[in-house]
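K.L.:
Okay, predicted coordinates and the sequence, questions at the end:
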Amino acid sequence: MNLKEQLIQGLSDAGCSAEAATRIGTLYEAGSFNEVLHQMKLQRCVLIDEMHESQRRVDRMDFLIRDQEKQMK
């Protein structure tokens, strides 16, 4: 596996979409390393946003569980 393929696989493993991973791989292959870093940082922001949204759903579920427990008492 060459470095571009390793990068794309790593990005995919980290949760990036196939489209984003391929786009970053193409930039890497073209030698646009500053843009590669920029795009990777953008993808990190996307992942953090997804994490925050997931946390909001967990918090909501916790609220519903606590509310249901109160009603059962």
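P.N.:
Good, I have the coordinates. Numbers count the residues shown, from 1 in each chain.

K.L.:
switch to C-alpha atoms for all contacts and neighbour counts from now on
P.N.:
Noted.

K.L.:
tell me which element the spatially most central residue of the chain is part of?
P.N.:
Geometric centre of the chain, nearest residue: residue 47, 2.7 Å, by C-alpha atoms, centre = their mean. Counting by DSSP states H and E, the secondary-structure element that holds residue 47 is helix 33-72.

K.L.:
ditto for residue 12
P.N.:
With DSSP H and E as the test, residue 12 turns up in helix 3-13.

K.L.:
Show me what that helix is in contact with.
P.N.:
For helix 3-13, the surrounding residues in contact (C-alpha atoms under 8 Å, 6 or more residues apart in numbering) are 18, 21, 22, 24, 25, 26, 28, 29.

K.L.:
Can you list the buried residues in the following helix or strand past that helix?
P.N.:
On the C-terminal side of helix 3-13, the closest following helix or strand by DSSP H and E is helix 18-29. Of all the residues in helix 18-29, those buried under the rule 16 or more other C-alpha atoms under 10 Å are 20, 21, 22, 24, 25, 27, 28.

K.L.:
Which single one of those is nearest to residue 73?
P.N.:
Of all the buried residues of helix 18-29, residue 73 sits closest to residue 20, with 49.9 Å by C-alpha to C-alpha.

K.L.:
Spatially nearest residue to the closest one, not counting backbone neighbours?
P.N.:
Take residue 20 and drop its neighbours on the chain: the residue closest to it by C-alpha to C-alpha, 6 or more residues apart in numbering is residue 43, 7.8 Å away.
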